[in-house]
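Peer 1: sequence and predicted structure, then a few things I'm wondering about:
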Amino acid sequence: MTDFTIHTIESAPEESKAGLEASFKANGRVPGLHGVMAEAPGLLATYHFAHAQFMATSLNDEEKTVVWQTVNVEQNCHYCVPAHTGIAKMMKVDDAITEALRNETPLPTAKLEALRDFTLNVVRNRGFVDEAATQAFLDAGYTQRQILEVILGVAQKVMSNYTNHFAQTPIDQVFQKFAWQKAE
């Protein structure tokens, strides 16, 4: 396995320093994921941009959490599931939602379950979601705009999940209490 550097602000390529400074300002630390991404300044910058854009979508915090954690769990991301468990707590998302996502058990509402089903369809079928699944998502109360916003969330998570798969990024200390393994 290739050893990836987890950069600090000081060790990062010059083009990544501002991105890591922004990470530090937002989090009080440089998350390990951002430290790894700093090796490729374009990836770090694009990830920050995608995150900001996804945060600005019409999805509420519970729905954002469903998209993020559905992708994280499906892609078996050892780093992002614990991180987004902590993030969900900071966003005041009901623990029942987080636990259902982590454990792949039913969500508390049919609408959130429809969002998880649709997100899984997008990921598993690489965007080739059939009309019935798309209509089920729309029938649950979502919109065409939200179809596209799910794609944005999936794209953001592909960047982080794949980076963590390659780098085996250690879980940040603040999120270690939320360590997770995919159920067999």
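Peer 2: Received it, and whenever you're ready, just let me know what you need.
Peer 1: the closest residue to Ala110 other than its chain neighbours and Leu107, how far apart?
Peer 2: Among residues not flanking Ala110 along the chain, Ala140 sits closest, at 6.7 Å (Cβ to Cβ, 6 or more residues apart in numbering). For every residue, glycine as well, the C-beta is placed using N, CA and C. Noted for Ala140: a distance of 12 Å to Leu107, by Cβ to Cβ, to the nearest Å.
Peer 1: more neighbours, these two?
Peer 2: Leu107 (21 against 16; other Cβ atoms under 10 Å).
Peer 1: can you give the domain ranges for the chain?
Peer 2: Using automatic domain parsing, the domains assigned to the chain come out as 1-56, 60-178.
Peer 1: look at Glu184 and report its pLDDT.
Peer 2: pLDDT recorded at Glu184 is 79.
Peer 1: tell me, how many residues neighbour it?
Peer 2: Neighbour tally, Glu184, other Cβ under 10 Å: 3.
Peer 1: please renumber the chain so that the first residue is 108 from this point on.
Peer 2: All right, first residue 108 from here; so that's Glu291.
Peer 1: and the helix of greatest length in the chain, what does it pack onto?
Peer 2: Scanning the chain for the longest helix, with DSSP state H as the assignment, gives helix 251-274. In terms of contacts (3 or more Cβ pairs under 8 Å, 6 or more residues apart in numbering; DSSP states H and E), helix 251-274 is packed against helix 139-144, helix 148-162, helix 168-181, helix 187-197, helix 217-231, helix 238-246.
Peer 1: just name the most buried of these.
Peer 2: helix 139-144 (a mean of 26; mean count of other Cβ atoms under 10 Å).
Peer 1: residues in contact with that helix: which ones?
Peer 2: Contact partners of helix 139-144, identified using Cβ atoms under 8 Å, 6 or more residues apart in numbering, comprise 111-115, 119, 123, 126-127, 130, 150-151, 154, 186-187, 190, 266-267, 270-271, 274, 276-279.
Peer 1: low-confidence ranges in this protein?
Peer 2: Along the chain, the model assigns pLDDT under 70 to residues 108.
Peer 1: quick revisit: okay, the domains of the chain in JSON lines with distance to Glu291 next?
Peer 2: Below are the domains of the chain laid out as JSON lines (distance: least, Cβ to Cβ, whole Å):
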{"stretch": "domain 108-163", "distance to Glu291": "23"}
{"stretch": "domain 167-285", "distance to Glu291": "11"}
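Peer 1: how close does the nearest residue to Thr109 once chain neighbours are set aside get to Asn183?
Peer 2: Once flanking residues are discounted, Thr109 sits nearest to Phe273: 7.1 Å by Cβ to Cβ, 6+ apart. To Asn183, Phe273 is 13 Å away according to Cβ to Cβ.
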